[in-house]
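**Student:** here is my input, please return the structure:
(chains A and B)
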Amino acid sequence: MPTSMLVIVVHALIFGFIGGYVWHMWSTRRERTVDKYARAIVEGMPGHGWSNDPSGRFTYVSPPALRYYGLEDTFIKMSGYPVGNFHEAYAEMLAHIIHPDDLQGTLDHWAATLQSGRPATYEYRLKRHDGVYLWHRLAVHPSRDQDGNITAWYGTQIDIEDQKVAELALRKREKELQILIDALPANIWCCDLDGYVTHFSKQLQEFFGCQLDDIPFEQRRVTRSNPGLIHSEDAALAEDLLRHSLATGEPLSGRYRMRRHDGVYRWTQQRGELLRDDEGNPVQWYGVAIDIDELKREEDALRYREQELRLLVDAIPMMIWTVGREKGITYFNKQLLEFTGITPDTGEDIRGLDATRAMAELVHPDDMPTLASLYERNPGDRGVVISRFRLRRNDGVYRWVEGRYAGLTDDTGVTLRQYGFLIDVEEEVQSQASLQNMQEKLGDAARSASLAELAASIAHEINQPLTAILSNAEACRRWLNLEPPNVARALSSTEAMINNSKDAAEIVSSIRSLFRRTPRERTMENLNVVIEEVTRMVSGSVSSGRLRIHTALDADLPMVSIDRVQIQQVVVNLVRNALEAVNAHNSASPPVIVRSRRQPGEVVIEIIDEGVGLPSDDRLGQAFFTTKSGGMGMGLVICETVVQAHGGSIWHKPNFPRGTVFGFSLPLTDAKP
Amino acid sequence: MCSSSPVIAIVDDDKRVLQALLELLESAGYEALPFDSPNALLDSGVLYRITIVVTDIGMPEINGFELKRILHLSNPEISVILITGRYELIEGLSADDDSLILRKPFDSSALLSAISRSCR
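**Tutor:** Here you go, the predicted structure:
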């Protein structure tokens, strides 16, 4: 039995070995078949494959990889290197194939991967057999046994040079753009299509004094309820602007205040544009925030000043106008609008009026031609122009006003604008007229009254201030005689006395001037101005009657050297004579015409009336000859004397169909030898 | 008819004379009221207080004589003293006219004594 048992055991062993061998052979063969397919795949793919043992040492490198590096399999596998100083040797080996800049990083990464035991990817530059470095991306993963121990690492890598170059170029461009943006002296921001800020430029970060990362994501979009860095009063506006642009894609433009790092809110001008890609799809929003605080302040100040000025112009009790930039449009201030009651053409705020219409409606018809020609002739560019005319008040009554205007050129230096004001001088004109009356009465007295009457008139003029002086003197004495003396009242009495005395002295000197004989200083004058003054003065004194004076003045009349007062007296005398002649004729009273014109070497003034005419008598111009019932006949004698003293001549001739022409000429100064 | 402190109205269209007479009468201790025209006095509403009126003669609209006449229609007790610088205006007056008339320029004491006589 032991023998048969042994045989059984031996057979069992033999079969066992044979079976095991067959199994072994079969399974090895199967593995080899799998391995063969795997190798075919690894070695056929357009990349490199390899395996490492758990310590990282290469156990297999695919032939394409070897061909790629141009290295021996044994070199990479480091066959023959003892395991002891493996790491230095390994690094030395890798230095042959990895770009120096990437070497350390690769080693560190590989060491970390080995330690962690997790799959990993990595990008680095590898040296091709021709010495050119190309970017590759590797992927490694560990293989483990049933117990979880790492048995091997398998790795593949592919050439990503083109992709990497493009990516690097893009990154470089982005970086350059970033540098550019940060270098720009402007606050630049970007936001996504939902309005959340994605980037602040360096400038803007400095402005806010914080990084974008400091702001929680949900606060990166402005809303009413969450103003963030925007002034709470402006948040609603900012939100609406943003919403509108986000919804429509239209550029964003607006002004609001942003909080600077020091807590001060600054006005900014915001401009945003939607960036689209090549297909026109929206990508993101780019914007700039320009600090316009100073500008805004100046603007506000300017607007405030403008308002102030407008208020001032409306508040001062003076009627102001200006001719606007648009040709022919006049602007009236409130006072002038109220005075005239005229309604502006273009609304209350603007107060624009057509200048021609305004003048036609408001200026007295008789004053219109003079005023229009004055305005035409002199736009005020050489200084202030003064004129007096009658202006219709809102109740239809014409009031005398004095207008002054000057022309100013605007910034462009081309357009001339007129600025002017009007003062109601009705009272002054009235009192002037009455003063004129007094003077004329005195003048008339000098001409026609008896010496006794003349003396009485003069006496009365003198008696008034004299009475005042006497009364004040007595009052002064009484104030001083009081116990105690009232010095204050005494002083004011004395003050009044001094003024009374001055008045008396002025009256005396004005009487003297009426009878003056000594020649006075001559000045260069425009006779048109003298004529206008005289006609205005005389018109004032005859305003109650229907008598009228018309002027026909040569606008280019040269200046002449004259004693203004004397020549004025001549014109007054001749005009008054003409008026009296017309008056005496007592018909439909045609106007007296005063004409000025230039002749070679002289200026000629003519006064034309359609009055009674003159008798053909050579006594005319002699003292004490007069055709009028009252009057001493001194007028023409004086006129002749004055004109001759000026080197001119005076004459008269009948007018057609009736009346008389009185004329006189004055030589031009430069025409004199 | 004169109260212890008479109120005197001065009427003259010449402001200088008006001021000077006001000064004179005040320095003499009177209460005086200035009016630059007869109408200003007649419209003033203070006639009941006035005891004496010193008025210029030559004035526009209403002259001194007319003012006196108008005043005496309603207030015959008011004394009127006329003053004038135009002597021709009073040349035609008859000698027995009871008007008290002073010629400008008059001595202040003449005016003051005329006033005190009117108060008697």
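
**Student:** from here on, contacts and neighbour counts on C-alpha atoms
**Tutor:** OK.

**Student:** which residues of the stretch 51-200 of chain A lie near chain B?
**Tutor:** With C-alpha under 8 Å from any C-alpha of the partner chain as the criterion, the stretch 51-200 of chain A does not meet chain B at any residue.

**Student:** so where is the stretch 51-200 of chain A shaky, pLDDT-wise?
**Tutor:** Residues of the stretch 51-200 of chain A meeting the criterion pLDDT under 70: A:80-87.

**Student:** report the closest residue of it relative to chain B.
**Tutor:** Chain B sits closest to residue A:186 of the stretch 51-200 of chain A, with a gap of 75.0 Å, by C-alpha to the nearest C-alpha.

**Student:** count the neighbours of that residue for me.
**Tutor:** If you count neighbours by other C-alpha atoms under 10 Å in any protein chain shown, residue A:186 ends up with 17.

**Student:** secondary structure element for residue A:643?
**Tutor:** Assigned by DSSP states H and E, residue A:643 falls within helix A:635-645.

**Student:** quick check, pLDDT for the residue in the stretch 201-350 of chain A that chain B sits nearest to.
**Tutor:** Closest to chain B within the stretch 201-350 of chain A is residue A:317: 27.0 Å, counting by C-alpha to the nearest C-alpha. Looking at residue A:317, its pLDDT is 76.

**Student:** give me the nearest residue to it, chain neighbours excluded.
**Tutor:** With sequence-adjacent residues excluded and distances taken as C-alpha to C-alpha, 6 or more residues apart in numbering or on different chains, residue A:317 is closest to residue A:335, at 6.8 Å.

**Student:** now the helices for chain B?
**Tutor:** B:15-27, B:38-42, B:64-74, B:88-91, B:108-119 (DSSP state H).

**Student:** out of those, deepest packed?
**Tutor:** Among those, helix B:15-27 has the highest mean neighbour count (mean count of other C-alpha atoms under 10 Å in any protein chain shown), at a mean of 23.

**Student:** which elements pack onto that helix?
**Tutor:** When contacts are defined as 3 or more C-alpha pairs under 8 Å, 6 or more residues apart in numbering or on different chains; DSSP states H and E, helix B:15-27 sits against helix A:451-481, helix A:487-514, strand B:7-11, strand B:31-35.

**Student:** got the ones you listed as a markdown table, with mean pLDDT columns?
**Tutor:** What follows is the helices and strands packed on helix B:15-27, written out as a markdown table (pLDDT from 0 to 100):
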| stretch | mean pLDDT |
| --- | --- |
| helix A:451-481 | 82 |
| helix A:487-514 | 83 |
| strand B:7-11 | 95 |
| strand B:31-35 | 94 |
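
**Student:** deepest in the core, which of these is it.
**Tutor:** Greatest burial across these, using mean count of other C-alpha under 10 Å, falls to strand B:7-11, with a mean of 24.

**Student:** residue numbers of chain B in contact with chain A?
**Tutor:** B:14, B:16-21, B:23-28, B:85-88, B:104-108.

**Student:** can you do 6 Å?
**Tutor:** Proximity of chain B to chain A is confined to B:16-17, B:20-21, B:23-24, B:27, B:85-86, B:104-105, B:108 under the rule C-alpha under 6 Å from any C-alpha of the partner chain.

**Student:** quick check: the two most widely separated of those residues?
**Tutor:** Farthest pair in those (C-alpha to C-alpha) is B:27 and B:86. Separation: 26.9 Å.

**Student:** what are the pairing partners of whatever helix or strand residue A:283 lives in, and which direction each?
**Tutor:** Using DSSP H and E, residue A:283 sits within strand A:282-291. Using DSSP bridges, strand A:282-291 pairs in its sheet with strand A:187-191 (antiparallel), strand A:265-276 (antiparallel).

**Student:** now stretch A:553-570: buried residues?
**Tutor:** A:553, A:557-558, A:560-564, A:566-570 (16 or more other C-alpha atoms under 10 Å in any protein chain shown).

**Student:** quick check: end-to-end length of it?
**Tutor:** Terminal residues of stretch A:553-570 lie 17 Å apart, using C-alpha to C-alpha, to the nearest Å.

**Student:** quick one on the thing from earlier: most packed of the strands paired with strand A:282-291?
**Tutor:** Highest mean neighbour count of the strands paired with strand A:282-291: strand A:187-191, a mean of 21 (counted as mean count of other C-alpha under 10 Å).

**Student:** which strand residues bridge residue A:660?
**Tutor:** Bridge pairing for residue A:660 - DSSP bridges - gives residue A:609, residue A:654.

**Student:** tally of neighbours for it?
**Tutor:** Neighbour count of residue A:660, defined by other C-alpha under 10 Å: 22.

**Student:** cool, and the one 4 residues further on?
**Tutor:** Other residues near residue A:664 come to 20 when the count uses other C-alpha under 10 Å.

**Student:** using CSV, write out every CA atom in the helix holding residue A:643.
**Tutor:** Only the C-alpha atoms of helix A:635-645 are listed here, as CSV (Å, rounded to 0.1, in the frame of the first residue of the first chain):
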residue,chain,number,x,y,z
GLY,A,635,-30.9,187.5,-34.3
LEU,A,636,-29.6,187.7,-37.8
VAL,A,637,-26.9,190.3,-36.9
ILE,A,638,-25.6,187.9,-34.3
CYS,A,639,-25.7,185.0,-36.8
GLU,A,640,-23.8,187.0,-39.4
THR,A,641,-21.2,188.0,-36.9
VAL,A,642,-20.7,184.5,-35.6
VAL,A,643,-20.5,182.9,-39.1
GLN,A,644,-18.1,185.6,-40.3
ALA,A,645,-15.9,185.1,-37.3
